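[1] sequence-free structure coming up:
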C-alpha cells in the first residue's frame with residue numbers, strides 16, 4: 001500500500017527578522033528578534049505536516065550547498081523527522097537562503113532571496129524508483145528554480161508527467177510572482193496535476209480572473225474558478241484560500257466554503273508560511289482520504305495556528321490542537 005509524500009524543489013534557509021518599521025532608503029529600522037528555520041515551499045509544507053502530527057513518511061528531494069546554511073537546514077529537518085536522503089550537497093555552491101523582513105505592527109513581509117543551489121535543480125533530480133511507495137508527489141515552486149522556469153514544458157510539465165506515470169498523485173506549490181509568469185510556467189502543468197491548492201492571486205493568474213477586489217474575497221467567483229480549473233484539466237481537487245476564508249471543490253462534488261478562523265489580532269505575529277500551513281492541512285486530509293469539508297476545516301485551522309509565530313511553522317499545533325483553536329475562536333461567515 002502506498003503511503004507518504006515525496007517533496008521536490010526549492011529549499012532554503014529562512015532568516016526571519018521582526019522589524020519595527022519598513023525604513024526609508026538610507027535610514028535604519030530596528031530588529032526586535034531574529035530566527036533561522038528551514039524554508040522553501042515543499043520544506044515548509046513537510047515541516048508543517050510533522051507539526052500537525054503526520055505519521056506517514058515525508059521525503060525531500062532537493063539541493064543545498066556545502067555551507068553552514070545547508071548544515072543548519074539538514075540538522076533541523078532531520079530533527080523534525082524528515083527524510084533528507086534525497087538532498088544533494090553541491091560543492092562550492094552557496095545554499096539558497098532568504099532574509100524575511102516582517103514589520104511588527106502590520107505583519108507585512110519583504111523577502112530578499114539568494115537562489116544559490118536552487119539554480120542547479122532540474123527535473124532529472126527526481127527519480128521515482130528512489131521512493132517507490134509514496135502516495136503523493138508535491139513539487140514547487142515555479143519562479144524559484146531558474147533552470148526549470150526557463151523551460152516549463154520540458155521541465156515542470158515533464159516532471160509532473162513522470163510522477164503521474166509512476167503512480168503518484170501530483171500537487172504543485174506556487175509562489176506569488178507576476179501573473180504572466182505564473183500562467184506561463186503553470187498552465188502547461190495543469191493536465192498533469194491531481195491537486196491544486198493555491199491562494200486567490202495564484203488561482204487568478206491561471207484562470208485569468210481577479211478574486212480579490214479592494215481586499216474582499218470574491219466567493220462566488222472563486223467557486224466558479226474551482227470548477228473552471230477542474231474543466232481545464234486538474235484531476236481531482238482545487239482549493240483556493242484567502243485571508244477571509246477558502247473555497248474548495250472535489251471533482252465528484254460541489255464547491256464548498258469556509259470562513260477564516262477569527263484569531264484575535266493580538267495573537268497574530270506574522271503571516272509568513274500561512275499558505276504553506278493551509279496546504280499542509282489540506283494534504284494531510286488528502287493523504288488520509290478525508291472528505292472535502294474535513295480537509296478544508298483542518299487547512300483553515302492550520303493556517304490560523306501558524307499566524308502566532310514569526311517563523312513558518314513554529315506555532316502550528318497538532319491537527320487536534322488546530323481544530324480546538326478554530327472551535328475556540330470561531331469562524332467568519334463564508335460568502336455563500
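    Everything's here; your move. Owing to the predicted nature of the structure, the values given are computational and were not obtained by experimental measurement.

[2] the closest residue to residue 294 other than its chain neighbours: neighbour count?
    Nearest non-adjacent residue to residue 294, counting by CB to CB, 6 or more residues apart in numbering: residue 285, 5.7 Å away. The way it works is simple: take the backbone N, C-alpha and C, and place the C-beta from them, glycine included. Counted with other CB atoms under 10 Å, residues neighbouring residue 285 total 21.

[3] residue 131 too?
    Counted with other CB under 10 Å, the neighbours of residue 131 add up to 21.

[4] give the contact list for it.
    Taking CB atoms under 8 Å, 6 or more residues apart in numbering, we find residue 131 in contact with 4, 6, 57, 59, 86.

[5] now with 6 Å?
    For residue 131, the contact set (CB atoms under 6 Å, 6 or more residues apart in numbering) comprises 6, 59.

[6] cool, and residue 27?
    Not one residue lies near residue 27 by CB under 6 Å, 6+ apart.

[7] please repeat the previous calculation with a cut-off of 10 Å.
    residue 21 (CB atoms under 10 Å, 6 or more residues apart in numbering).

[8] equivalent analysis for residue 70, please.
    Remark: with contacts taken as CB under 10 Å, 6+ apart, residue 70 is in contact with 11, 13, 63-64, 87, 89-90, 93-97, 116-117.

[9] most neighbours among these, which one is it?
    In those, the most neighbours by other CB under 10 Å go to residue 11, 31 neighbours.

[10] dump the residue contacts of it.
    Contacts for residue 11 (CB under 10 Å, 6+ apart) come out as 38-44, 46, 60-64, 70, 73-74, 77, 84, 87, 95-96, 117-118, 121, 144.

[11] thinking again about what came up before, in the helix or strand encompassing the residue nearest to residue 294, what counts as buried?
    Element membership for residue 285 (DSSP states H and E) is helix 274-287. The neighbour-count check on helix 274-287 (16 or more other CB atoms under 10 Å) flags 274-287 as buried.

[12] please tell me how far residue 307 sits from residue 273.
    Residue 307 sits 9 Å away from residue 273, taking CB to CB, to the nearest Å as the criterion.

[13] the more surrounded of those two?
    With neighbours defined as other CB under 10 Å, residue 307 and residue 273 compare such that residue 273 has more, 32 against 21.

[14] now do the contacts for the more buried one.
    Per CB under 10 Å, 6+ apart, neighbours of residue 273: 14, 16, 37, 39, 41, 44-45, 47-48, 100, 109, 279-280, 303, 306-307, 309-316.

[15] skip the chain neighbours and tell me the closest residue to it.
    residue 312 (2.9 Å).

[16] state whether the one you found is indeed within a strand.
    No - counting by DSSP: H, G, I helix; E, B strand; the rest coil, residue 312 falls outside a strand, being coil.

[17] what about the one residue sitting closest to the centre of the chain, distance to residue 232?
    Nearest to the mean C-alpha position of the chain, by CA atoms, centre = their mean, lies residue 276 at 3.3 Å. Per CB to CB, residue 276 is found 24 Å from residue 232.

[18] now swap in residue 150 and tell me
    In this structure, residue 150 and residue 232 are 24 Å apart, going by CB to CB.

[19] more neighbours: which of the two?
    Between residue 150 and residue 232, residue 232 has the larger neighbour count (other CB under 10 Å), namely 15 against 10.

[20] pretty sure the more buried one is touching residue 191, no?
    Yes - with contact defined as CB atoms under 10 Å, residue 232 reaches residue 191; the gap is 8.1 Å.

[21] ok so, going back, if you look at the contacts of residue 273, which of them are in helices?
    41, 44-45, 47-48, 279-280, 303, 306 (DSSP state H).
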